[in-house]
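Colleague: here you go, sequence then predicted model.
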Amino acid sequence: MKAVQIQQTGGPEVLRYLDLPEPEPAPGQVVVSHRAVGVNFIDIYHRTGLYPRQTPFIPGMEAAGVITALGQGVRDFTPGQRVAYTGVFGAYGDSNAIPADKAVPLPEEVDFDTAAALMLQGMTAHYLVHDTHPVGPGQTILLHAAAGGVGLLVIQMAKALGARVIGTVSTPEKAALARSYGADEVIIYTSRDFTEAVNELTQGQGVDAVYDSVGQSTFQGSLGCLKPRGILVSFGQSSGIIPPFDPAQLGSHGSLYLTRPSLFHYIADRPSLMNRASQVLDMAATGALSVTIGARYPLDQAAQAHRDLENRQTVGKVLLIPEEQQPIMGA
C-alpha cells in the first residue's frame, strides 16, 4: 500500500510517501480501507517529536473507510461495512489494521469526509462543552481558533446549549466564517488585544469559560478574560508549550480553575466511545451539526497539508485522500 512514514522527527519534509506492506488483521482487529483521513495538530506534535514516538511510524489517528478484512474472533463487523475511527496510529495510509473495538459504524446519511472530520475533532468539541465544562443558557464562553475544525463545531454545540460565544481568529475572512456558524462576536486578535476586547464585550464581567487550543501565546491573556471562579480549558498548544507558571495567579484572578483534558480519556472504553460518537454522528446525520471541509489534499501531499495547518492557512477540517479515492467525494 501507499503510506506516509516518519523515519526521523522534524519539519514537514520528514513525511515520506512510500510503498509499505499491506496490513494484516491480528486477532480482534479489522482492516479498514481508507476513503478519507483526518489531519490534526496532534499529528504535528508527533511529527516534531513534541509527543515522542518510536520511529519509524505512520502518523495519523483518524480516518473513515470500508472494512476489507476481519481478524480472528471479530463477529460484530462484516467486510464492506462503512466505519470510522480515532485513537489508533497509522491513518496516513491507504489502509490500517485497527482494534475492532475502536471502529464506529457510520449512519447512511454521513459520508466519509464528514466522518473523518468528526471522529477526533467532533468528539473533542462534544466533551469540551458537555463534560469538561458543561455549557448552558446564560453563560458566555471565549473560544480561540474559532474558525478551525474544533472551533466551528464548538460554536454550533455551545449555541445549541444556549451560550453566548465570543471567538478569536486571525483574519476578517475567518471572522466571517465563525459568524456564519453562529458566533455572537468575533475578535480579530491580529488587530486588537483580545483580553481588552473581551472585557469590553462583557462590561468587565469576564467569561465563564475559555476554550484554548492555542497555548503559549494566549494563556496569560485568557486568564485575564475569566470571571471569578471561571475555568480555562487548555486543550492544545498550536503556538507552543505553555511555560511554567505560579498557581497563585489562579487565586489572584478570582479563584480560577485550569484543566488540560484529552479526548482519549473521555472515550477510554467501548461504551464511552460509542455513546459520544453516536451523538456526534447523529447530529451530523440530522443536519443539526454542519462540517466545513477546508481542504482535501492527496495523501502524497501530507507535507503541504502540515505546512498549511501550521501556518494557519486553513479553515475547518483538513483531510488527506488516498490516491485511488481522490475522484470520490464523500461516500
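Modeller: Looks like it came in fine. Numbering: from 1, shown residues only.
Colleague: CA only for contacts and neighbour counts going forward, please
Modeller: Will do.
Colleague: buried ones in the lengthiest strand in the chain?
Modeller: For the chain, the longest strand by residue count, based on DSSP state E, is strand 29-39. Neighbour-count burial for strand 29-39, counted by 16 or more other C-alpha atoms under 10 Å, picks out Gln29, Val30, Val31, Val32, Ser33, His34, Arg35, Ala36, Val37, Gly38, Val39.
Colleague: now do the same end-to-end measure for stretch 125-137.
Modeller: 18 Å (C-alpha to C-alpha, to the nearest Å).
Colleague: change the start of the numbering to 599 and stick with it
Modeller: I'll keep to 599 as the first residue from here, and by that count the last item is stretch 723-735.
Colleague: for the residue nearest the centre of the chain, give me phi and psi.
Modeller: Nearest residue to the geometric centre of the chain (C-alpha atoms, centre = their mean): Gln719, 2.8 Å. The phi and psi values for Gln719, taken as degrees, to the nearest 10, are phi -70, psi -40.
Colleague: likewise Asp806?
Modeller: Dihedral angles (degrees, to the nearest 10) for Asp806: phi -70, psi -30.
Colleague: gap between it and His724?
Modeller: Asp806 is 18 Å from His724, by C-alpha to C-alpha.
Colleague: contact partners for Ala713?
Modeller: Ala661, Ala662, Ala682, Leu704, Leu879 (C-alpha atoms under 8 Å, 6 or more residues apart in numbering).
Colleague: now those residues in a markdown table, with distance to Leu775?
Modeller: Converted to a markdown table, the contacts of Ala713 look like this (distance: C-alpha to C-alpha, whole Å):
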| residue | distance to Leu775 |
| --- | --- |
| Ala661 | 25 |
| Ala662 | 26 |
| Ala682 | 27 |
| Leu704 | 28 |
| Leu879 | 22 |
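Colleague: from those, which land in helices?
Modeller: Counting by DSSP state H, the contacts of Ala713 place Leu879 in helices.
Colleague: who wins for neighbours among the contacts of Ala713?
Modeller: Among the contacts of Ala713, the one with the most neighbours (other C-alpha atoms under 10 Å) is Ala661, at 37 neighbours.
Colleague: this completes my enquiry, with thanks.
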